[in-house]
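In: test case, fold it:
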Amino acid sequence: MDKDSRALKVIEQIVRQEVDKIAAETKDVVREIVRANLLPQLRATIQDSISEAIEDVLSDEIPQTQEASIVEEISQAAPAFPEEELPVEEEPTLEAIKVSGDGDGRYAYGIADSGVAVNLGNIGIENTEVYTIPYKGLCAVVHNCPTEPYKSEDEEVVKGWVQTHQKVLDAAMEKFDAVLPLGFDTIIKTEDEADPKQVVKDWLRDDFENLREKIDKVKGKQEFGVQIFYDPKVMGEVIAQESEEIQKLKEEMAAQKPGMAYMYKQKVEKAVKEEMEKRAEKYFKDFYGAIKNQVDDIKVEKVKKDEDRTMFMNLSCLVLKEKAEDLGNELERIDNMDGFSVRFTGPWAVYSFV
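Out: Coordinates of the predicted model:
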């Protein structure tokens, strides 16, 4: 073997070792590339990169005709990712997952950002086995069930079902990057003895673009509930102390006889109420602006009655996971203000934004 041939063999061996090393370290990434049907582009990219690297190093040292021959030989020698060791379908076969439970329906908890078939265990309603049915890069989180809705005259039983529905979504949110929640008692039915799993796949396929768009919107984000309250009594006292008009009315009231004093008292109460409404509007704008700066999206919900406090702001917030702490700090600042209190709940499934 001549000197040039030995050098070529050494280079070929080095290239093989390095590519094998990269392939081993990025095996999971490559699997996702295969599922997305991007393997041809991956091979082409690797071969182009090898060719460019060799050309950069050898272009000034080898005659052009010999250089072209070497580049072509080594590029072809670069090991391809072995298709026989990787799934060539878009997802693992569902037959590999053993699922218990009867019924022609599939109870759907949500849609997750994953193209993998997995079993989540017996965590579903009435201890049913929850698993995923994948299509491309999405999957439906389901359990087997009859096609009839869940019904019970016992409110506690229904309440337990709803709570379990949420717990399954919580488990899915921990496992997958993003989950689109579906409402309680969402059951996908089959007709004409169709395969229930295929029916779910068909649904994912038909609505794929819409579901993909929604998944991308909420990926890496969480939903939180924010309610801000004020104490009318405390706010009234603060306003009475700060308002010159109200202070003057209170002084005049103190000098009046009981009948007139009562009339002045009504004037004071009316003035306090009007000032409170003005301040509430200002506080709403200030708080809303401060909170909006910390979130990706925000929705104003209807205020609810509270026995001891007045709710004047009820928000649903879509928050990047890494900014949840910043939002919490802003809400803590508001909570420390006289007369105000904050209720901060979550993270929840992103119902408000899908």
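
In: now stretch 314-329: buried residues?
Out: Judged by neighbour count (16 or more other CB atoms under 10 Å), stretch 314-329 contains these buried residues: 314-319, 323-324, 327. All C-beta spots, glycine's among them, are computed from the backbone N, C-alpha and C.

In: closest to residue 158 among the residues you listed?
Out: Within the buried residues of stretch 314-329, the smallest distance to residue 158 is 24.2 Å, found for residue 316 (CB to CB).

In: got the phi and psi for that closest one?
Out: When read as degrees, to the nearest 10, the backbone of residue 316 gives phi -110, psi 130.

In: report how many residues lie close to the nearest residue to it once chain neighbours are set aside.
Out: Nearest residue to residue 316, sequence neighbours excluded (CB to CB, 6 or more residues apart in numbering): residue 352, at 3.9 Å. When neighbours are counted by other CB atoms under 10 Å, residue 352 registers 17.

In: might you report the residue contacts of residue 352?
Out: Residues in contact with residue 352, defined by CB atoms under 8 Å, 6 or more residues apart in numbering, are 223, 299, 301, 316, 318.

In: quick one: which of those sit in helices?
Out: Judged by DSSP state H, the contacts of residue 352 include no members of helices.

In: okay if I get those residues as TSV plus distance to residue 275?
Out: Formatted as TSV, these follow (distance: CB to CB, whole Å):
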residue	distance to residue 275
223	35
299	29
301	26
316	30
318	34
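
In: residue boundaries of the helices in the stretch 151-300 of the chain?
Out: According to DSSP state H, counting those that start in this stretch, the stretch 151-300 of the chain carries its helices in the segments 155-175, 196-206, 208-218, 232-242, 244-254, 258-292.

In: show the pLDDT at the residue nearest to residue 316.
Out: In this prediction, residue 352 carries a pLDDT score of 85.

In: mind checking the SS state of residue 148?
Out: Residue 148 falls in the coil class when you classify it by DSSP: H, G, I helix; E, B strand; the rest coil.

In: where does the chain dip in pLDDT?
Out: Where the chain drops to pLDDT under 70, the residues are 1-12, 14-15, 18-103, 247, 249-262, 264-265, 268.

In: care to break it down by domain?
Out: Following the assignment in automatic domain parsing, the chain carries domains at 3-85, 94-218, 221-353.

In: can you count the residues close to residue 190?
Out: Neighbours of residue 190 under the rule other CB under 10 Å: 17.

In: what of residue 151?
Out: The burial count assigned to residue 151 is 9, neighbours taken as other CB under 10 Å.

In: equivalent analysis for residue 16, please.
Out: Look at residue 16: counted by other CB under 10 Å, it has 14 neighbours.

In: and residue 293, by the same measure?
Out: Using other CB under 10 Å, the number of residues around residue 293 comes to 11.

In: where does it fall, phi/psi-wise?
Out: In terms of degrees, to the nearest 10, the main-chain angles of residue 293 are phi -70, psi -20.

In: not counting sequence-adjacent ones, nearest residue to it?
Out: For residue 293, ignoring the flanking residues on the chain, the nearest one in space by CB to CB, 6+ apart is residue 330 at 7.9 Å.

In: same question for residue 296.
Out: residue 318 (4.8 Å).

In: surely the one you found and residue 292 touch.
Out: No - counting by CB atoms under 8 Å, residue 318 does not reach residue 292; the two are 11.1 Å apart.

In: now do the shared contacts for these two.
Out: Overlap of the contact sets of residue 318 and residue 292 (by CB under 8 Å, 6+ apart) consists of residue 298.

In: in the buried residues of stretch 314-329, find the pair that's most separated.
Out: Largest separation among these by CB to CB: 314 and 323, giving 20.5 Å.

In: return the distance of residue 341 relative to residue 160.
Out: When distances are taken as CB to CB, to the nearest Å, residue 341 and residue 160 turn out to be 31 Å apart.

In: tell me the contacts of residue 278?
Out: Applying CB under 8 Å, 6+ apart, no residues qualify as near residue 278.

In: start at 34, not 1
Out: Happy to do that; since the first residue is 34 now, the last one works out to residue 311.

In: any idea how far residue 276 is from it?
Out: With distances taken as CB to CB, residue 311 is found 11 Å from residue 276.

In: take the buried residues of stretch 347-362 and lay them out in a markdown table including distance to residue 264.
Out: Formatted as a markdown table, the entries for those read as follows, by distance: CB to CB, whole Å:
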| residue | distance to residue 264 |
| --- | --- |
| 347 | 17 |
| 348 | 19 |
| 349 | 24 |
| 350 | 23 |
| 351 | 29 |
| 352 | 27 |
| 356 | 29 |
| 357 | 27 |
| 360 | 23 |
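
In: return the subset of these lying in strands.
Out: Of these, the ones assigned to strands by DSSP state E are 347-352.

In: buried sites along stretch 328-345?
Out: Residues of stretch 328-345 classed as buried by neighbour count (16+ other CB under 10 Å): 328-331, 342, 344-345.

In: need the residues that contact it.
Out: When contacts are taken as CB under 8 Å, 6+ apart, the neighbours of stretch 328-345 outside the stretch itself are 254, 260-265, 313, 316-317, 321, 324-325, 346-353, 356, 360, 374, 385-386.

In: and it, C-alpha only, in PDB?
Out: The C-alpha trace of stretch 328-345 is given here as PDB (Å, rounded to 0.1, in the frame of the first residue of the first chain):
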ATOM      1  CA  VAL A 328     -46.800  37.500  30.800                       C
ATOM      2  CA  ASP A 329     -47.000  36.200  27.200                       C
ATOM      3  CA  ASP A 330     -50.800  36.600  27.000                       C
ATOM      4  CA  ILE A 331     -53.600  37.800  29.300                       C
ATOM      5  CA  LYS A 332     -57.300  37.600  29.500                       C
ATOM      6  CA  VAL A 333     -59.700  39.600  31.600                       C
ATOM      7  CA  GLU A 334     -62.400  37.400  33.200                       C
ATOM      8  CA  LYS A 335     -65.600  38.300  35.100                       C
ATOM      9  CA  VAL A 336     -65.200  39.300  38.700                       C
ATOM     10  CA  LYS A 337     -66.700  37.100  41.300                       C
ATOM     11  CA  LYS A 338     -68.400  37.800  44.600                       C
ATOM     12  CA  ASP A 339     -66.500  37.400  47.800                       C
ATOM     13  CA  GLU A 340     -67.800  37.500  51.400                       C
ATOM     14  CA  ASP A 341     -65.200  39.800  53.000                       C
ATOM     15  CA  ARG A 342     -63.500  41.500  50.100                       C
ATOM     16  CA  THR A 343     -64.300  43.100  46.700                       C
ATOM     17  CA  MET A 344     -62.800  41.500  43.700                       C
ATOM     18  CA  PHE A 345     -62.000  44.100  41.100                       C
END
